[in-house]
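In: whatever this is, show me its structure:
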Amino acid sequence: MQMLGTDFILRSLVADNIDHLFLVPGGLVDPFMPAIGRVPELTPIVAAQEGGAAYMADGYARASGKFGACLCIGGPGVTNTVTAMSAALIDESPVLLITGEVANYMEGLGLFQDASAGTYNDSLILAPVTGESYSIPDIRLLPQKMRGAVKRMLDGVRIPVHLSIPRDVQTGEVDVAPAPLAADFLDSEPLDPQAAARLWSLLGSVEAAPRVAILIGGGVISDDASADIVKAAERFDIPVATTEHAKGVIPEDHPLSLGVFGYAGTRHATDAILNSDLDLLIVLGATLNVRDSMYWSARLKPKLGILSVNISAVHVDCHTPDEHFVRGHGGAFARWLLDADDATARPLSKGAAARKTWVESVRKEERYYDIGNTTSDQMPIHPARVIADTRKTMPRDTIAIVDSGAHRAFAVHYWDSYGPRQFLTASGLGPMGWGIGAGIGARAARPESPVVVFTGDGCMQMHGIEVQSAARFGLPVIYVVSNNQVLGNVWLRMRELGPIPMELTETVDHDWAGFARSLGAEGMTIRKPEEFAPALEKALESNRTVVIDVKTDRSADTPVEPYAEAKAGWSYHE
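Out: Residues are numbered from 1 along each chain as shown. All right, here's what the predicted structure looks like:
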């Protein structure tokens, strides 16, 4: 079957069940434009800027569980994607970046926008922030390299990959038909059962271990293992906390849910996991980085240690003592627990009754800090009120996309998620404006679910132009802009450093609602707290792209006091 290189690439995406391509056209990818018209199964979404296209692909990947795909030119297109690919790498999000390049036989001869190996080699620019960054030197290698890129993205720890496609490869022909990745590759969920059995020996070393808790990280989302983890927790009455990336893996109104642990975490999770009486913490798919460990809190010392289940050992035992490693997927570990017979599982089940009583006592306390802020009538509006009213108004299956800034702390703390892939945030690298494009990708991936993006005026200054992409392609994304006229988290720190630092972190009070209307979206401005929920209802009913410019209180302290205390007391050498 003879096929152009461009068509082979696009049909390979379709074969792997990808239905959207996020792109910015340009001369180096001209041959792809007619090819897109020949592949109707793939819906193109044109972004305003290449970084926005990559953010969209990232949001698509996180919301769908598949990989996201984006297309742009090499050279300036590649350099515009570096931040987006870095964010995907740190958060283990599989994004395939396809870029165009001059023909192999024209490398280094002075062609416009030549960024091939004959000049500054933009593949090397992306090499540190991807699992693989490769330029294809011959059309005959295209099928192998395309399949290899997908395998690299999805094999174990998920990561972004870059393929540079020179012009002669785009217009060359292959005689191989695209085929989907083998099901047995995708279904592989390894677990070292001998290492997992260490759980029984740890618990068997004591008379009873009633205080056992589970902490779930983002790795579990890749496993699509939420249901099995909830069943395992229910079998043994084990309370479950999540990192911010795994928020919603267990519904946050479930009787065993403790909410988020770490940065902006809940009182329930903090009190349970940092309790000196905690016997054992089972960590599934989390790296215990600085945010997910309460700044490597000195109080994170369960009596029997930490049993950490992860596909990679890279981050295990870096800062937390007594961390026992089990190589494997969190989902496979949960199914291993479910399959254990009663006799084998007795070391865990014998503490279930006491554990249930303990969980009930923890949950009797108010889950959220400063809960009164969620109903505050103050003006400017308190950010906690914005999050709480959004949760009350939006449907249960709403996907919350959370950008970087002070608003993220309020969203992590006060927003409840009820399912996996319903709370998406790029908190590893923390690029401002990520959520604006990511919300578009999430809506494309999950058209049946409402999407709300919590962003800020600083984020809008960086990538707000992508609102036009959502409006242009008819994607009903609701953008809630916390407009406090400062770079929120930075300004909060600058308050203690004097007037000049504060002034440098202030922003102009732009009319973001008017900006949205100029881009073809709906725009609303909210100054009174009682006006916000009705505006949100109107936005939801409109089924359009809507920007709600909410004037919020810049001086509102973020709900991170336990994290801040742990940070203040932390020392690398202690």
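In: report the contact partners of the residue sitting furthest away from the middle of the chain.
Out: For the chain, the largest distance from the centre (CA atoms, centre = their mean) belongs to Leu109, which lies 41.3 Å off. The neighbours of Leu109, taking CB atoms under 8 Å, 6 or more residues apart in numbering as the test, are Gly118. (C-beta placed from N, C-alpha, C; glycine too.)
In: next, it: phi, psi?
Out: phi -100, psi 10 (degrees, to the nearest 10).
In: and Ile73, what does it touch?
Out: Contacts for Ile73 (CB under 8 Å, 6+ apart) come out as Val24, Gly26, Gly27, Leu28, Val29, Glu50, Thr99, Gly100, Gln113.
In: go on, Val316?
Out: Shown in contact with Val316 (CB under 8 Å, 6+ apart): Leu288, Ser308, Asn310, Glu323, Phe325.
In: could those go into TSV alongside secondary structure?
Out: Output for the contacts of Val316, formatted as TSV (DSSP: H, G, I helix; E, B strand; the rest coil):
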residue	secondary structure
Leu288	coil
Ser308	strand
Asn310	strand
Glu323	strand
Phe325	strand
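In: ok so, going back, just the buried subset of the contacts of Ile73, please.
Out: With burial judged by 16 or more other CB atoms under 10 Å, the buried subset of the contacts of Ile73 is Val24, Gly26, Leu28, Val29, Glu50, Thr99, Gly100, Gln113.
In: and the pLDDT for the third one?
Out: This points to Leu28. Note for Leu28: predicted pLDDT of 98.
In: Tyr134 belongs to a strand, doesn't it?
Out: Yes: counting by three-state DSSP, Tyr134 falls inside a strand.
In: quick one: neighbours of it, just the number.
Out: Neighbours of Tyr134 under the rule other CB atoms under 10 Å: 18.
In: cool, Leu424 as well?
Out: By other CB under 10 Å, 29 other residues sit near Leu424.
In: sec struct for it, please.
Out: strand.
In: same check, this time on Gly419
Out: coil.
In: state the pLDDT value of the residue lying closest to it once chain neighbours are set aside.
Out: Take Gly419 and drop its neighbours on the chain: the residue closest to it by CB to CB, 6 or more residues apart in numbering is Gly248, 5.3 Å away. The score at Gly248 is 96. That number is its pLDDT.
In: Gln113 now?
Out: Gln113 is assigned 89 on the pLDDT scale.
In: quick check, it in contact with Asp30.
Out: No: if you go by CB atoms under 8 Å, Gln113 and Asp30 don't touch, sitting 11.9 Å apart.
In: mind telling me what element the residue nearest to Gly419 is part of?
Out: In the assignment (DSSP states H and E), Gly248 maps to no helix and no strand.
In: repeat for the one 3 residues further on
Out: Here Pro251, judged by DSSP H and E, is contained in no helix and no strand.
In: same check, this time on Glu503
Out: Assigned by DSSP H and E, Glu503 belongs to helix 499-504.
In: contacts for that helix?
Out: Trp491, Met494, Arg495.
In: just the buried residues of it, please?
Out: Neighbour-count burial for helix 499-504 [16+ other CB under 10 Å]: Met502.
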